[in-house]
Each structure stands twice: as C-alpha cells, then as structure tokens.
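Asker: Sequence and predicted structure, then a few things I'm wondering about:
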Amino acid sequence: MKKALLLGDRVALYHPVTGVDEVLRGIYDGVFDITLEEDYGKLTLERLKQYDMVISYCDRWREKGTKTAAAALVSYVADGGNLLALHNGLVMGSSSYELALLLGARFLGHPSQVLIDYSKTDVDHQISERFEDFKTTEESYMFDFDDFTKKQVLVESRYAKSTIPAVWCHKYGWGKVVCVVPGHQTESFHGPVKKILYKAGLWFIDRI
Amino acid sequence: MKKKLFLSGDYTFPLFHPLKNVDTEIFDILGNDFEFALNTEHFESLEDYEYEKFDTVLLYNDHWIDKSPTVHQQVQSLIHYVVNGGGLLVVHNFEPGVDYEMAQMLGGALKKTLVPQNHRHIDYVPSGTDHPIMKGVGPFSLEDDLFDIHHDRLTEKTVLLNAKIEEDIEVPMAWAIEFGMGRVVYIAPGHDVSAFKDPEYRKLLRNAALWTAGEL
C-alpha cells in the first residue's frame, strides 16, 4: 500500500476537510493509505519524503503556511515527489510565488458558484482517458497562469463564454503535479472528478 | 573564514563565452571573500546534493542543454539546493534557463540576442532599489550583448540594474530573487573579459556573490 499525506483543515474558513477526507479515502481505497496533516506550516522535506503523494486541500495556508513548508513542498516535488492540488489546495499559490510556480498558476479569486460545463480537451493523457463531460454548480476559479510551466490541460471549464483550465498536469524536476479545480464540497465529487483523482494517483505511482 | 564557491563555465569548447581569462578576473574580484572550492566545466558530473558543499554557485556556462542526459538531474539538484537555502549566481549566459523549472527560478529566459550582436554600446543604470547588492554600485557602460528576455511574471524579483535603451526606455538587466530559503541573482552583462574589468561591474559581481552566499 502506498502512502499519501492529506493537507487540510477540520476547522476551516471555507473548505473543511472533514467529509472530503472520507471521499478521498474511498477513491484511493486499496491504493493509498491517507494520513491527515493539519499542522502543515511545520512540514519538512524529511517528513514529506515518507509519502508517495501529497494532497493539498489546505484552506488556511495564508494563515498557517510558512516559507519553510513551501520550500519543503517545492523540494519534495523537484526530488521526485507527487503533488495533487485540489480546489482550495490551489489557493496556496496566492501567498507563495514559489508554490504558484510549482502549481503553474497563481490563484486570483472566484465569483459566486455558477453552473459550469466541464469537458475534456484534445490532449491525450492517461489521467483523462474516457473522461465523461459533465455539468455542475461550482466555484469558477480564476488564475494567472505561468508562461513557462510545461503543463497539459486535460479538462476545461466553460461558463459565461469563458474557458478556463480545470484539470492540468505537468512534471517538475523529477516529480509530478496534478491540479484539479472542482472540489468545493463533498457534493462536488461527481463520478468524472473521482475518476480523474483516482487516475492521477495511479499516474503518480506509474501504474497507468 | 572564506565562503566556498563553485564556479562553472566552458574552457574546452565554448560556444561564444569562454571562461578562460574571465576566470582570472573572477578570481581577482572574489578571491578575498571566497575559496574556489570547485572550478569545473563538467558541472553535469556533479552528484545529487553535491551543491550543498558550497555557499554559492556561479554559473557562466554557455553549454547546458547539450550536456544531457544528466542535465535534468542538475535542474533538480539546483532547485533542491537553492530552495533549501543555497545561493546561485548566473552571469550573462542564460543557457540554464532552457529548462522551464530553472527559467522560473531565474525569473526568465532568453528570447534572443538583439542585433547587432556582440559589442553593442550599452549604458547600465542602477534601478534605484535599496537592495544591499547595489550599495556603492554606480552606472557604467560596456560593449556587450543586449538580450531580449522573457520574464516570468510570477517570479518575485528585485530589479537591480537596467539597460538604458533610449532616453526614456530602460529594461532590466540584473535582478535578485529570494527563492524559498535561498537566493538567486542573474546579471546579464558579461559577454567577455572587458566587462569583468569595469570597476562598477566588479562591485556588482562581488556584492551579488556575497549576497547569494548569505553574506550581505
């Protein structure tokens, strides 16, 4: 069994990890054993290296995140680690430019929840293979994307005539990063999102 | 006690920028503050984490990508080294920015060298920042390459020096970056040995090396 570290907050501003942690345990059942870490400002490279995947669902990085923890995450991925940034986990790039570079995007904000169409792009990738387009009410995150990141956009979201990357992945150093925007609450984890998350986990450990 | 510096550049088959002769000036500029713990053109032979032996790394390589297949290992090693507290000073040759992770950490990548290539008269002016690297550094002029640089908008950098292109147009030609727990400086001027003989440039280079090594 592989090991995953889930960064999140039971006492959260907007996105409590409680409930979502159970959804994730269900998705990765039999593949990853998931440990929750709420004190993520104290993360070290040595600690992170014990895990095959780190899932960021941090809701309070602006308050709890630290420069040393950001450095540990960058170093962990550069050295060959795997980072899955899920919904609010992507927001940490707004208070650490090093993490924005790692994720390939700096979070800017989002309007109220709206009905969004999610559809697969033309990119062929194991993670989005047989992805079924779907529609749901979600937050549409806006980003300032880094020009240099060699990312592959796998799924796009569409609403109000705008098209925004919703799932993307890239390699960083020896490691891998997958960013998944939908995931505001437990109800956000529709079948296609669960499949994406599951396959991202398999891609990380070279099983697909 | 002197800080330990790793210097790398190309002696044997330089494309445009031999380290030969430039190295003599670098030794002279930095010799009082640094021990040249390693001077090699074969940076690609460094093992993982070997950079951690040094207080700063000075790269003047104009061969980079062609030293594959181990070059990607150097990208990972340099990111690991800098983000965990190391110092990196890249002078003139922007070749390490070929890998996108390095371009992000360096704050940009070379788009092209603007014509006329080589030996173009350029006036360099301090940006006005109070960054310690610029303490005591005044304006200077060189015959040098003028680079068109694609800046990474997300990398937070402090511009140190601009090139005065026209009366009211200045473009960044040296900057400092705090990346994680470490420090990065890129200095664009330095095409050949004449730059390294300029008194203001020498101050800039020395301060930059000291700052990347955590000494300013």
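Answerer: Yes, it's here. Quick caveat: nothing in here was measured; it's all calculated off a predicted structure. Residues are numbered from 1 along each chain as shown, chains lettered A, B, ... in the order given.
Asker: rest of the way, CA atoms for contacts and neighbours
Answerer: Noted.
Asker: So A:A71: helix, strand or coil?
Answerer: What DSSP: H, G, I helix; E, B strand; the rest coil gives for A:A71 is helix.
Asker: Just the pLDDT for it.
Answerer: Confidence at A:A71, expressed as pLDDT, is 98.
Asker: burial count for residue 77?
Answerer: All of this is about chain A. Using other CA atoms under 10 Å in any protein chain shown, A:V77 has 26 neighbouring residues.
Asker: right idea, wrong chain: chain B
Answerer: By other CA under 10 Å, the residues close to B:S77 number 23.
Asker: State the distance from the residue most central in space within chain B to chain A.
Answerer: The centre of chain B sits closest to B:V90, judged by CA atoms, centre = their mean, with a distance of 1.9 Å. Applying CA to the nearest CA, to the nearest Å, the value for B:V90 to chain A is 19 Å.
Asker: Helix or strand: which one has that residue?
Answerer: strand B:87-91 (DSSP states H and E).
Asker: what helices or strands is that strand leaning on?
Answerer: strand B:56-60, strand B:182-187, helix B:199-212 (3 or more CA pairs under 8 Å, 6 or more residues apart in numbering or on different chains; DSSP states H and E).
Asker: Each with direction, which strands does it pair with?
Answerer: Here strand B:87-91 has these sheet partners by DSSP bridges: strand B:56-60 (parallel), strand B:182-187 (parallel).
Asker: neighbouring contacts of the first one?
Answerer: Spelled out, it's strand B:56-60. Taking contacts as CA atoms under 8 Å, 6 or more residues apart in numbering or on different chains, the residues outside strand B:56-60 that touch it are B:4-10, B:19, B:51, B:86-93, B:209, B:212-213.
Asker: Name the residues linked to the residue nearest to the centre of chain B by a beta bridge.
Answerer: With DSSP bridges as the rule, B:V90 is bridged to B:L59, B:Y186.
Asker: Just to check, it is in contact with B:V185?
Answerer: Yes: counting by CA atoms under 8 Å, B:V185 is a contact partner of B:V90 at 6.3 Å.
Asker: circling back: CA-only coordinates of the strand holding B:V90 in PDB, if you can.
Answerer: Output of strand B:87-91 as PDB, limited to C-alpha atoms (Å, rounded to 0.1, in the frame of the first residue of the first chain):
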ATOM      1  CA  GLY B  87      23.000  30.600  -3.500                       C
ATOM      2  CA  LEU B  88      23.000  30.800  -7.200                       C
ATOM      3  CA  LEU B  89      24.600  33.500  -9.400                       C
ATOM      4  CA  VAL B  90      24.200  33.200 -13.100                       C
ATOM      5  CA  VAL B  91      26.300  35.500 -15.200                       C
END
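Asker: That strand vs helix B:199-212, what angle?
Answerer: Here strand B:87-91 points in a direction 150 degrees away from that of helix B:199-212 (axes from the mean of the first three to the mean of the last three CA atoms, to 10 degrees).
Asker: Could you list the buried residues of strand B:87-91?
Answerer: By neighbour count with 16 or more other CA atoms under 10 Å in any protein chain shown, strand B:87-91 contains the buried residues B:G87, B:L88, B:L89, B:V90, B:V91.
Asker: and these as TSV, adding pLDDT and distance to A:T137?
Answerer: As requested, those are arranged in TSV below (pLDDT from 0 to 100; distance: CA to CA, whole Å):
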residue	pLDDT	distance to A:T137
B:G87	97	47
B:L88	97	46
B:L89	98	48
B:V90	97	48
B:V91	97	51
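Asker: which among those gets closest to chain A?
Answerer: Chain A lies nearest to B:G87 out of those, by CA to the nearest CA, at 14.2 Å.
Asker: isn't that closest one right next to B:G180, touching?
Answerer: No: here B:G87 does not reach B:G180: they are 11.0 Å apart, not a contact under CA under 8 Å.
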